[in-house]
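Asker: Next comes the sequence, and after it the predicted model I'd like to discuss.
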Amino acid sequence: MGGSASQLSKTLINEYQELTYLTKQEILLAYRRFSELAQKESRSNIESIRIPKERFLTLPELKANPFKHRICHVFSTSDQEDGGMTFEDFLDLLSAFSESATLEIKSHYAFRIFDFDGDGVLNESDLEKLVNHLTGEEENTKLSSNEMKQLIANILEESDIDKDGTINHSEFQHVISRSPDFVRAAPSGHELLTN
Amino acid sequence: MGDILAQGSPCNETLHAISLPIHWISNMSDSRDQLLFGKYYILLQDEAANTEPVNSPVQDPAKRSVNMSFNYNEGFVNSGYHDSETLELDRGQHGRPSYRQNSSFHHNSSGPPDGGYAGYLEDPSERRGGQRLMPINPVYQEFDYNQPIPRYQEPMNSNYESRINPVFESDMESPYIDQRNEKSPYMDSDLSEGDKNIRRRSKRQSALPMQILNTSNVAGAIPTEERHLQAENEKLIGKLSEMSEQDIGMEIQKLQISLNEKRGLRNKVIKVKARSSKGVSQTDCCSGCMYSMKKSYRGWRQFNSDFFTAFKLWHSTLKVIEGKFGTSILSYFIFLRWLLGFNIFSFLINFSFITIPQFFDLSPNNLSFSGLEIITGAGYFEETVLYYGYYSNSTIRKEAHLAPYNMQLAYIFTIGLYLGTCFFILLYSMGKSFRDNFINPSSFTGNAAKLLCSWDFSITNEKAVKLKKKYLSTQIKETMSEKLMEKLKLTMKQRVSRFCIHVLAWFLSCGIAAGCCAGVYYLCTNIDTQFSITEPLRKQAATLVVPVVVAFINLFVPLIYSLFGLVEKYKYPRHHTYVVIIRNVLLKISIIGILCYYWLHAVAESNRECWENYVGQDIYRLVVIDFIFVLLGSFFGEFIRRIIGTRCLKKWGKPEFDIARNVLDLIYAQTLAWIGIFFSPLLPIIQMIKLFIIFYLKRVSLMMNCTPPRRAWRASQMTTVFIFLLFFPSFAGVLCLIGVTVWRRQPSKLCGPFQELTTPYDSITNWVATIHVFNDAKWVVWIYNNLIQSVLFFYILTLIVLIISYLYLQIVRGRKTMVKHLLMQIGNEGNDKAFLLRELQKSHNSFTAPVIVPYEKLPAQASASQGTHDMNVINEMHSRLPSSGITGSTDARALAMMARHEAEREEQPPVNYGRHLRVNEENSDAADMVMRSRMEAESDSKQAHSSRPNSGVVAMRIVSDRGTPVVSRFWRGFCENLGIELLLLLLLFFIYKAPAYSAALYNRHSIDGLQYIEQHLTNSTRGDEALFP
């Protein structure tokens, strides 16, 4: 594996280290994982190829995540909106999910992940989608519409400080600032960084 | 673009794009984008083309709609789709009519696409009227410069990203624009339906500003905007370039932009830095030296962090557990590791300061070793360094020229040092987790957080994800039913019966605990007489009776307690959890308590030869037997239970991993280890081995046998509770016990370091008496005599601490009221906002409709109910639009918007400034937070000052121009900002609150901060009064 790792030049690694929260080992690991994913493409310029979303989501760490599509979408810089990921997007993702990333960064990306329609606030439909993602869409786990209504009303009642029917970013931050579990649960414990 | 950057080439290209917004439009060579252009083209094709040519094919709109609906179903925001809306923006004034249809499509996009599409098809025919094509360029510039919601992104970087990265940008920004169009209340003549829209819209900029801004752009506001933007960029870069290398890295890390943009920014900063440093001095060898030193330091730090992550025990194992079972179970293992750290520390300290010196003065060990000693700890071990009795009271002096080593002092100081360190570490971690977890528990029920923060992103196992989903769903359902249950009042009879059951259960559990204690005490005192056996082996075995009984109690009584749960009914299930924990803690503590009583009374005051050894052995046996029972419990409770659950009784299923029980076991074991530290200084080594094996055992058992707990745990809150338990009954009790031993009990006369003394503490008194003669050590004597021996000193100290605590209590109370007021105020602001918007809408419908509505109204949509009035509107529109278009009214709005824009722009720099400073600072916790928030408060009040004069002037202008509606619109804009500001203030306030619970240091700062908040509030109210007499 050392062969593929050596393809990353030292300056580039330094640069990545400077720009992300990742350590050198983590960057190299990420690089290895990424080049494994990119097998079929030319191996010479791993940094520049873009892996399609479907293949990227076969990463075992993301496979099971109910928000995987959202994650891809938020971190992808693809022009084509297809959620394709480059190596740098991947590093961005890892950096945001790493343990040393600040709460602000985490909340920023979490907010964007939860903001399904991308309108900058979490409104009722966003919350509904969020709950559905959380509970799964199966018959036995899905909430009834009545429960959903009640639930969303509860959430809004609690977190919508200015009572405008939506949760904006600062309100979201406010909620999670009171929930220290977020910091611990939010970092994707990407096993790829450890094994 | 990505390719260029990825190859590490300079990012000039990207940066060029900053000044060329059009550049990235052309970058988006995607067919969908072309479609947008195509659409744009279709809609406007009959227009006189006074615009840049758009070279894209005219495409079938049907294709596009399919495209869109597909993307929508993906659950994604298709930014291309949004772009289409944004591109239409500039024709908002002219082509607004069709917009209605389009936005309705957007609105109903969750429904079948055909409906919306049908409306869409009508577009071209409807928009024949006065339409005019606007240049594309200004559109992009416009939403580049106009940061509609600066708080959504970091304001300082948004300038960059909007230009550099098309996708990111379109994703982030376009929604506002399309919302703006979509939600415009001016489009919805229907008030009742519009109400919601207004509410939703209230956080964004109004619809109007955008349109007017167009005008202003066209009117020539671009150059100033551009200049301003550049200035801002330069400011940021300048600020960055003033920082040190490392700070730049750290700050750039914090930006919420993608890697490419970060790199671009960094390169620019470095370039600027290089230029400036070249300009200043070429031969500054000092800075070069500093630079290289910094670089090497950085490298060293990097190495260090890598090294420590590798060294962190079980790091990867914990990751795996986290991935499979989530953070709540992880917290158990982290707790275990933390305890292990304590024990390693105490082992190191004891071994190096007590045991190693003793090795120089070994006495021969004549006892035989049979093997049973490993469990009993008696026999052979009595004559080893494991126990107190083996240590000598002499002064060890190996050779004449070496300094002597006083074992008495070493023993007492080492134990004291260790306990003191433990005390402070525990206090610190307890304070920290209290601060983090109980910031404001009164106003916090945790429902929202439960959902918004509930997804454990760390879980990566597919099965676990499914389980987690199921649990979440059941939990949500439970909570909902809990809510309903709350309304359901119990009858008197039910309540009484419940109360009786609770009382009975408590009575029973306390009774059981007391009975167990009595039994243990009886057993302890009578064991020697009952088992008067002379054979040494059986005698040794007899000593195991008490530990085994205690272990049995610890294992089975909790089971009885959990049986109570079948009868007892609680309103909330979590109360049940807490009650069970409390009962178990009571049981364990009372048993340990009775044992301590036995040791300190019956044993210490008996005439045993070496009672400390006896106690040490007792504790050793307790620790070892407890360990064996943990192993057995794990085997039977989890392994056998799993086999039964999966093979025989399928209904049971796999056992849950009971975090509370396991953690309590750990706390119990640690308490024993702490008690034993005086009597058996090397007991930590046993505890270390024990914890080490338990870790692996539990890991294997967890992976093989268990499922995660069904109920979601608030992991961090539970951790706080556990640390508290570890501190309060456990560690505090240990301190009491050792205190009594050291100050009040006479050490045995024939063994141990303190033989021949009346109490172990006398060793210190004697020592002070001996150093009295040395002049250098006078201060030690003084401290000892005047502070430690003096009762008065402790009285005064206690009094001072009590006074400080009281003052803090009052401060906290005051802040609570303040928070309540602020919350109320925000709520009121929200209400005001909604009310004003409604009023505004009313007045628009009646009074200014002809002026403002035309751009949004459609002939086809003039509803019959509005009849003639709307017809007038339409007529007016027709007469107005083809002519030079924008008349007085729009001018007024343009002015208003320009002014508003100015004000906003002025808002930005201080905010940036605050953020910058923020980054600069150390991460030194609370003090930093206070400073930060203070900074923000300052910048906020600056904003308030700076924007006010402008707004005043503008308001005057507007009033003279157009009368009340415009003012109220302006007022509304102001209100919106106020709402956001207040929210920010509230957030700040919470930041203030947090440290207040823990430390005195920050008091002055936070009071300053509060003053700022108050000042700001008065300022803003003053501003309101000025605007709205």
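Answerer: Sure, I can see it. Numbering: from 1, shown residues only, chains lettered A, B, ... in the order given.

Asker: Which residue ranges of the stretch 401-550 of chain B form strands?
Answerer: B:405-406 (DSSP state E, counting those that start in this stretch).

Asker: how much space between B:Phe679 and chain A?
Answerer: 39 Å (C-beta to the nearest C-beta, to the nearest Å). For every residue, glycine as well, the C-beta is placed using N, CA and C.

Asker: so how many other residues sit close to that residue?
Answerer: As a burial measure, B:Phe679 scores 25 neighbours (other C-beta atoms under 10 Å in any protein chain shown).

Asker: residue farthest from the centroid of chain A?
Answerer: No residue in chain A sits farther from the centre than A:Asn146, which is 30.2 Å out by C-alpha atoms, centre = their mean.

Asker: in chain A, which helix or strand is least confident?
Answerer: The helix or strand of chain A with the poorest confidence is helix A:2-5; it has a mean of 43 (mean pLDDT, DSSP states H and E).

Asker: that older thread, so the residue farthest from the centre of chain A lies in a strand, does it not?
Answerer: No: A:Asn146 is assigned helix when assessed by DSSP: H, G, I helix; E, B strand; the rest coil, not a strand.

Asker: And the pLDDT for it?
Answerer: We have a pLDDT of 79 for A:Asn146.

Asker: List the buried residues in stretch B:774-792.
Answerer: For stretch B:774-792, a neighbour-count test (16 or more other C-beta atoms under 10 Å in any protein chain shown) marks B:Tyr784 as buried.

Asker: err, stretch B:586-597, not the other one
Answerer: Buried residues in stretch B:586-597, defined by neighbour count with 16+ other C-beta under 10 Å: B:Leu586, B:Leu587, B:Lys588, B:Ile589, B:Ser590, B:Ile591, B:Ile592, B:Ile594, B:Leu595, B:Cys596.

Asker: helices or strands up against the one helix or strand the fourth one maps to?
Answerer: To tie it back to what came earlier, the one meant is B:Ile589. In this structure, B:Ile589 sits in helix B:573-597 according to DSSP states H and E. Contacts defined by 3 or more C-beta pairs under 8 Å, 6 or more residues apart in numbering or on different chains; DSSP states H and E place helix B:573-597 against helix B:492-530, helix B:545-567, helix B:659-679, helix B:733-744.

Asker: again, only using 7 Å
Answerer: Here helix B:573-597 touches helix B:492-530, helix B:545-567, helix B:659-679, going by 3 or more C-beta pairs under 7 Å, 6 or more residues apart in numbering or on different chains; DSSP states H and E.

Asker: Let's test this: mean pLDDT of the first one, rounded?
Answerer: Throughout helix B:492-530, pLDDT has a mean value of 89.

Asker: hmm, back to that, residues touching the helix holding B:Ile589, excluding its own?
Answerer: Around helix B:573-597, the neighbours that count as contacts under C-beta atoms under 7 Å, 6 or more residues apart in numbering or on different chains are B:509, B:513, B:516-517, B:520-521, B:550, B:553-554, B:557-558, B:561-562, B:565, B:570, B:660, B:664, B:668, B:671, B:711, B:725, B:729, B:733, B:737.

Asker: Can you name the element that comes right after that helix?
Answerer: Taking DSSP H and E, what comes next after helix B:573-597 is helix B:611-633.

Asker: which of the residues in that following helix are buried?
Answerer: B:611-627, B:629-630, B:633.

Asker: and if you look at stretch B:399-414?
Answerer: Those would be B:Tyr405, B:Asn406, B:Met407, B:Gln408, B:Ala410, B:Tyr411, B:Ile412, B:Phe413, B:Thr414, for stretch B:399-414 by 16+ other C-beta under 10 Å.

Asker: Could you tell me how far stretch A:11-26 lies from the centre of the chain?
Answerer: Here stretch A:11-26 is found 19 Å from its chain centre; the criterion is C-alpha atoms, centre = their mean, to the nearest Å.
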